[in-house]
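1. model the following, please.
(2 chains)
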Number of protein chains: 2
Amino acid sequence: MSSTQRNTAPREILPEPTLRRLPWYLAYVSLLKNRNVEYVSSTAISRELNVDASQIAKDLSYLSIKGKTRIGYEVVRLERELREFLGFKTVHNAIIVGTGSLGAALIADSGLSRYGLNIVAGFDVNPKLVNTTICGIPVYDITDLPRKRRELDAEIAVIAVPVEVAQDIADTCVAAGIKALWNFTPFRIKTAGDIVIQNTSIYSHLAVMYNRLDTKNQGSL
Amino acid sequence: MSSTQRNTAPREILPEPTLRRLPWYLAYVSLLKNRNVEYVSSTAISRELNVDASQIAKDLSYLSIKGKTRIGYEVVRLERELREFLGFKTVHNAIIVGTGSLGAALIADSGLSRYGLNIVAGFDVNPKLVNTTICGIPVYDITDLPRKRRELDAEIAVIAVPVEVAQDIADTCVAAGIKALWNFTPFRIKTAGDIVIQNTSIYSHLAVMYNRLDTKNQGSL
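-> Numbering: from 1, shown residues only, chains lettered A, B, ... in the order given. Alright, predicted model coming up:
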């Protein structure tokens, strides 16, 4: 990754809630762009997304774009600035460890590359998967991880292994020079030093949904 | 879904942070079960997961299991009770709308069925996808959704469509009798009434990861 690309990246550590809301604004503004809408106010975004207008103005103040009084933000520019600011226009090389059902699914999801995640290789222990390709992405033996990581210049590892080996695999990745772990297992990985860990346990969202659904159904019985 | 299955479901509306932490405990306890560990204390779970021991005890108090003083919880029973309590042992029929890259990936992910989500059909507008199957799951035309939803007795719809049509599709699902929406788009879907909405925007997690990684790299320059 070149230093030029680094320059377009955000320089401040942003609050996580802000970073999670900005993609909502991007999604809505992209929609407006497709509809050829020219300007949008934070009040209009607020109405659509159920986020307080002053919160939206505060979140957007991290970007270099300024809204015009009574007109709002230029849609085309806001869309571009949000996409750049969030790092979605920068190519981030990533490896994926564990190419079973979830790992293979993530490789197959072309959406990730549209958001700047460039999966360059998969790793597994299963001899049936090693030396195959998934959607054109090569799968290597886990023992090749340190060498391949350097060759491919990947800073991000997507962890999609069984929960029992999540910590071991994370340790292997960090020892091989990985700087950020995107952990799809429900295991709470621990690392020494300043490794970035992002936990995305999609199954825990199911627990919330089931509970809400069951209590709702009971209420109507 | 039978009323007997309802009886095993949690009857209280639990706080969302508790519902998100319980699957972490389940993941760790499953690990201990595989290692034939007999008992675990909340202090031991606390050390492993970096969650306060009193918080763990409080979270687990929603279950009917009681820990023994100085010994802790019986691992096999705690694993089973957590899995049941979280609804992972109950079969929840679900349809998936949008069988493009992400939708197809979710169908292919066998992990979902291990956590109680039984995907029974996919829906799409693309004539190339309609009347095909993905991993054995039939894909129907979106216009068949109301009829098929009833036939298949599905209460949950997984929304994996392009962001521009997320709201329209959600409205179609709700009109067809869907009770819960698992929204994978970054669009903030709005519904009337008491429809359960769970948002899982995996791409917004990328934004957080990129920001942390970039600020870290800048710090080390």
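
2. so what's the nearest residue to A:Glu155 once chain neighbours are set aside scoring on pLDDT?
-> Closest residue to A:Glu155 apart from its sequence neighbours, by Cβ to Cβ, 6 or more residues apart in numbering or on different chains: A:Lys179 at 4.4 Å. Just so you know, the C-beta spots here come from the backbone N, C-alpha and C atoms, and that holds for glycine as well. A:Lys179 is assigned 97 on the pLDDT scale.

3. distance of A:Lys179 relative to A:Asp153?
-> From A:Lys179 across to A:Asp153, the span is 11 Å (Cβ to Cβ, to the nearest Å).

4. just want to know which of these two has more residues nearby.
-> For A:Lys179 versus A:Asp153, the count of surrounding residues by other Cβ atoms under 10 Å in any protein chain shown is larger for A:Lys179: 19 against 10.

5. longest strand in chain A, please.
-> strand A:117-124 (DSSP state E).

6. note down every partner strand of whichever helix or strand comes after that strand and its orientation.
-> Using DSSP states H and E, the helix or strand that directly follows strand A:117-124 along the chain is strand A:133-134. Strands adjacent to strand A:133-134 in the sheet, as given by DSSP bridges, are strand A:137-141 (antiparallel).

7. which parts of the strand it pairs with are buried?
-> Burial within strand A:137-141, assessed by neighbour count using 16 or more other Cβ atoms under 10 Å in any protein chain shown, is assigned to A:Ile137, A:Val139, A:Tyr140.

8. now do stretch A:211-220
-> A:Asn211, A:Arg212, A:Leu213, A:Asp214, A:Thr215, A:Lys216, A:Asn217.

9. want to try CSV for those residues, with distance to A:Val161 and secondary structure as columns?
-> Listed next are those as CSV, based on distance: Cβ to Cβ, whole Å; DSSP: H, G, I helix; E, B strand; the rest coil:
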residue, distance to A:Val161, secondary structure
A:Asn211, 27, helix
A:Arg212, 30, helix
A:Leu213, 30, helix
A:Asp214, 31, helix
A:Thr215, 34, helix
A:Lys216, 35, helix
A:Asn217, 35, helix
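
10. A:Ala192 in helix, strand or coil?
-> Assigned with DSSP: H, G, I helix; E, B strand; the rest coil, A:Ala192 falls in the coil class.

11. cool, and A:Leu181?
-> strand.

12. what sits against it?
-> Listed by Cβ atoms under 8 Å, 6 or more residues apart in numbering or on different chains, the contact partners of A:Leu181 are A:Ile156, A:Ala157, A:Ile159, A:Ala170, A:Cys173, A:Val174, A:Ile189, A:Thr191, A:Ile195, A:Val196, A:Ile197, A:Gln198.

13. if we use 7 Å, what do you get?
-> Residues near A:Leu181 by Cβ atoms under 7 Å, 6 or more residues apart in numbering or on different chains: A:Ala157, A:Ile159, A:Ala170, A:Cys173, A:Ile189, A:Ile195, A:Ile197.

14. now flag whichever of those is closest to B:Lys68.
-> A:Ile189 (29.7 Å; Cβ to Cβ).

15. sorry, back to before: what's next to the longest strand of chain A, contact-wise?
-> Strand A:117-124 has contacts (Cβ under 7 Å, 6+ apart) with A:91-99, A:103, A:107, A:112, A:130, A:134, A:137-140, A:142, A:145, A:148, A:152, A:154, B:206.

16. where does the prediction get shaky in chain A?
-> A:1-11, A:219-221 (pLDDT under 70).
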